[in-house]
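**Student:** Any chance you could fold what I've pasted below:
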Amino acid sequence: MVSLIFSLFTFLHPIHLSVTEITYSEKDKAVQIMSRIFIDDLELSIQKQLNQPTLDILEPKNGLTLDQMALGYLKEHLKVNLDGKPRPIKILGHEIEDVAVVFYIEIENVKKMKSMEVRNDVIMETHEDQSNIVHVTYKGPVKSVRLLRDKPSEVFKFDTK
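**Tutor:** Predicted structure coming up:
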């Protein structure tokens, strides 16, 4: 019953929201990112980006996969700078969770960092009221921020003692 109510609530979309969790893996020497985005919002944004209004991102007929289309989109709308330098993201895969798609993303070869700038304007070109919640974990407590159209980025500073 609760999942039915949640599905109806999210189907009606009274809010536009994504949640991105960023964690540093000492073992893998990588920044690991998990980003949850509503499927229908992502589809609208990718349709606009590719100028294909009938595109179904879950079953594309253009020879591309969801991960390929999402990588093109996310490279423009989810950017991470480590110590002031832009770093490329790599999509490892995705899974569908009810009405959202969860992307597993990685930034490789990260030994340490003093700062991380996250720019997340995912879906903001489609919905003015889009909020992107970002949680960052690196050698300490979780730092969280809500990014909006008028403030789509945040710099996180880390005590590396």
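**Student:** how far away is Asp121 from Leu147?
**Tutor:** 7 Å (C-beta to C-beta, to the nearest Å). (C-beta placed from N, C-alpha, C; glycine too.)
**Student:** Phi and psi next, for Lys114.
**Tutor:** In this entry, Lys114 is assigned phi and psi values of phi -100, psi -20 (degrees, to the nearest 10).
**Student:** circling back to that earlier point, give me the more crowded residue out of Asp121 and Leu147.
**Tutor:** Leu147 (22 against 18; other C-beta atoms under 10 Å).
**Student:** That one - nearest residue in space that isn't next to it in sequence?
**Tutor:** Asn132 (4.4 Å; C-beta to C-beta, 6 or more residues apart in numbering).
**Student:** Which helix or which strand is home to that neighbour?
**Tutor:** strand 131-137 (DSSP states H and E).
**Student:** then that strand to CSV, C-alphas only?
**Tutor:** This file holds the C-alpha atoms of strand 131-137, laid out as CSV (Å, rounded to 0.1, in the frame of the first residue of the first chain):
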residue,chain,number,x,y,z
SER,A,131,16.2,20.7,-6.6
ASN,A,132,19.3,18.5,-6.6
ILE,A,133,20.4,17.2,-3.2
VAL,A,134,24.1,16.3,-3.0
HIS,A,135,25.7,14.4,-0.1
VAL,A,136,29.5,14.2,0.0
THR,A,137,31.5,11.9,2.2
